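Colleague: sharing a sequence plus its predicted fold:
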Amino acid sequence: MSWSAAIKRFSLLKGCRTVVLLNRSWRQLSSQTRAEKRQLIREQIRKELGQGYVAELKEFRANGAKRSEAPTTICEQKDGLQFPAFDCITLSQRRVSLPQDFMDRTTLVLLSMRGVGLTMCDTYRQSFVSEFQDPNLHLFSLEICLVDNWFFRLIRNTLESRLREKLKPSTRHDQFVCQLTNARTIRSSLSIHNSLIGYAFLVDHSGLVRWSAHGKPTETELKSMNFCTSKLIGEVESTHKH
C-alpha cells in the first residue's frame, strides 16, 4: 500500500469513528433529555398531589371538611344526580354493576378514600341498619372504598385481605367494594371535595342520587337520612303497585 493510500484510509477510519462517537453522544443526550422530562413530570405530579393533600388537610383541621349540613328531605326526581356507571367486585367476590343494581330499590351508598372517612361512613351505616331491619323492604346498601393511589393498586390483594380482617361483621364483605379504577371520574361526578372524609348518598329506584351528606354526621343528619330513606321506600312501593 502506498503512503498516500494509507493516509486516505486512516482519514476515512477516523471520520467513521468521529461519526460513531457523535451518534453515541447524541443518543446519550437524548436519553438524558427523556429521563429529565420524566423526572420533571414526576415532580409535577408529586407537587400537585402534595398541594391537594395539604389543602384537604388544612380544611379538615379547620372544620372537619364539612361545608354544609345535609338537606332534611329528598330532592325532586327531576333534580336528582345520575350515579356514575361502573362495574366492581365485592370483598366476597360478588360482581356489582352500577347503576343497574340500584333499580327497583332504595340504596344507601357510602364512599370513603381514607381510614378516617371509613369510620364516618360506619356511623351512617349503623344508623341505617338499626332503623331498617325488615328484610322485606326494597333496600340495598353498598360501601365503596375509592382508591386513587397507584401504589395500592399494585398491592390490591393485600389491601382487600386487610379490609376483610378489619370489617366486622363479615356480612359486610358482600356489600363492600374496593374500587381501584376510574377514581377521578367517580370523584368528579359525585363532587367528592375532600378525600379525608366519608360521604353518604341515597340513590332511588332509577339510579338517581336524591339525598347526600358528607363528613362526620350529626344526629340531625342521621335522622334526616332515615326519614329520606322512608320516603324513597314509599316511592318504590308506589311504583310496584302501579
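Modeller: Arrived safely.
Colleague: now the helix or strand containing S238: mean pLDDT?
Modeller: According to DSSP states H and E, S238 maps onto helix 219-241. Helix 219-241 shows a mean pLDDT of 92 in the predicted model.
Colleague: remind me what that helix packs against, helices and strands.
Modeller: Packing partners of helix 219-241 (3 or more C-beta pairs under 8 Å, 6 or more residues apart in numbering; DSSP states H and E): strand 106-112, helix 115-131, strand 199-203, strand 208-214. (C-beta placed from N, C-alpha, C; glycine too.)
Colleague: who's in contact with the closest residue to S195 other than its chain neighbours?
Modeller: In this structure, S195 finds its nearest non-sequential neighbour in M113, 4.1 Å apart by C-beta to C-beta, 6 or more residues apart in numbering. Contacts for M113 (C-beta atoms under 8 Å, 6 or more residues apart in numbering) come out as 145-148, 192, 195-196.
Colleague: re the thing from before, go through the helix holding S238 and flag the buried ones.
Modeller: Going by neighbour count (16 or more other C-beta atoms under 10 Å), the buried part of helix 219-241 is 221-222, 224-226, 228-229, 232-233, 235-236.
Colleague: and what of stretch 55-62?
Modeller: The neighbour-count check on stretch 55-62 (16+ other C-beta under 10 Å) flags 56, 59-60 as buried.
Colleague: now those residues in JSON lines, with distance to P99, secondary structure and pLDDT?
Modeller: Shown next, in JSON lines, are the buried residues of stretch 55-62 (distance: C-beta to C-beta, whole Å; DSSP: H, G, I helix; E, B strand; the rest coil; pLDDT from 0 to 100):
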{"residue": "E56", "distance to P99": "28", "secondary structure": "helix", "pLDDT": "93"}
{"residue": "E59", "distance to P99": "30", "secondary structure": "helix", "pLDDT": "95"}
{"residue": "F60", "distance to P99": "30", "secondary structure": "helix", "pLDDT": "95"}
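Colleague: kind regards, and thank you for your time.
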